Structure formats: C-alpha cells, structure tokens
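Chemist: Generate a structure from the sequence data that follows.
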Amino acid sequence: MDSRAWDDRYRTTDSVWSPTPNLFVKEYLANLPVGRMVDVAGGEGRHALWFSQRGWEAENFDFSAVAVGKSLERAAELSLGDRFHGHVAAADSGQDFLLSPANLVVIAYLQIPADGLAAAIANAARQLVAGGTLFGVWHARENLTEGVGGPQDSRVLPTLAELSAAFSAASLIISEIGLRRREVSVDGVAHEAIDAVVMARAPEIVTCS
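Modeler: Residues are numbered from 1 along each chain as shown. Modelled structure (predicted):
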C-alpha cells in the first residue's frame, strides 16, 4: 500500500492500531533514561505519544499525512506541547529526522521488502547519538507456518538473518536478537503470534588521549 492508500485507511476509523504501546517496546525500553526518540513508520504515533507522556521529546515519522495529523491532534489533547513532533516522510526515504541525532529510534512493524527495510534501518542508524538505541519489532516469517497475524507475504516478513545483516551493515551493535511469542485473540480464541525483536546500539565514540 502506498501513502495515499494508507491515508484512506486512516480516514475510515478513529484508530487503526491499538493506542497502547507494543508490549515488547515497554519491556525493553521503559527504563531507558529520558531523551529524544523517533517512532519510524509510527502510524498514529502510539509509541511516540507514550514516550512523550513519559517526558521524552518524541517524533512520529510516517508517510501518511492523515496518520501524522491524528497523532498531532492526540498530542494536543494530552497537552504534550513542544515535546511532540509530527513528520511526514517515508521510512526508507533517507530524510533527516526533526530530532536528529536521537537517543532512541523505534521501528515497530515496518513490514516492507528487505532492501527498503535495510535502507530504513541505515537511515535511522546514522541519526543516533553515539551509544544510542535502535529497537525493532516485526511480524516474523515464522507466522506463515507457526503463528498468526501480520501480512501473509514472505517478502515483507523478515528473517532473523536478514535483520542481523541489515543491522550489521548499518554498523549497529546487536545486544539481543530473537523470536518472541505473544498471545493474541482471534474471534475470541487465544493464539500465538511470533515477532522478531532486535535491540541494538550505535558505537560509542572513542577518543584518544
């Protein structure tokens, strides 16, 4: 789907996605020190809004103008003031963030082909502070045979090998990579969805004395 199709989708309902943050975003990132964060392909901005409410300066970076507009309206309702920013741009466009360099970048469920995903990861990596964190979570390819949810197209379901290669190519240091399972309800029946999760950081700057 292109940005216009997503604009149409976001217009059809009050909220396409859950307004609460992904459980793995909360698990891995809730205790980070407050700083500047960017929610890449953030849709209606649920993660940027959550971080902004916790004192962070946050940016929702998404190619749907409708989604970004909705996130700005929500930020105003929450009285987040100048701690929240909206930015209409594609994740793989190479555009600079408004909050570059960022202490944290979150990429949650950006399900695009491997080359575009690698470009998005590289663009995020170059805009992290030294030692900054890049956290990503995706619907994993294993959902096609073992789990539920997410796109049913293997081309947009990354493998751990593809993610590892993309993060390494972006000169990021991976601290954790693996598959995580979470319970989801489908028509009132509990199932397991399988996500690929990556926690990484930008290299520290080494100075010579």
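Chemist: contacts for the worst-scoring helix or strand of the chain on mean pLDDT?
Modeler: One helix or strand of the chain scores below all others by mean pLDDT, DSSP states H and E: helix 3-11, with a mean of 74. For helix 3-11, the external contacting residues (CB atoms under 8 Å, 6 or more residues apart in numbering) are 1, 16, 43-44, 63-67, 70, 90. (Each C-beta comes from the backbone N, C-alpha and C, glycine too.)
Chemist: Among these, which lie within helices?
Modeler: Among those, DSSP state H puts 65-67, 70 in helices.
Chemist: Identify each buried residue in stretch 119-137, please.
Modeler: Residues of stretch 119-137 classed as buried: 119-125, 127-129, 132-137 (neighbour count, 16 or more other CB atoms under 10 Å).
Chemist: residue boundaries of the helices in the protein?
Modeler: 3-11, 23-29, 46-53, 65-77, 114-125, 160-169.
Chemist: pLDDT averaged over the second one - what is it?
Modeler: Right, helix 23-29. Mean pLDDT, computed over helix 23-29, is 96.
Chemist: Can you name the residues in contact with it?
Modeler: Here helix 23-29 makes contact (CB under 8 Å, 6+ apart) with 47, 50, 104, 106, 108, 133, 135, 137, 176, 180, 182, 195, 197, 199.
Chemist: circling back: now, among the buried residues of stretch 119-137, which is nearest to residue 98?
Modeler: Checking the buried residues of stretch 119-137 against residue 98 with CB to CB, the nearest one is residue 127 at 10.3 Å.
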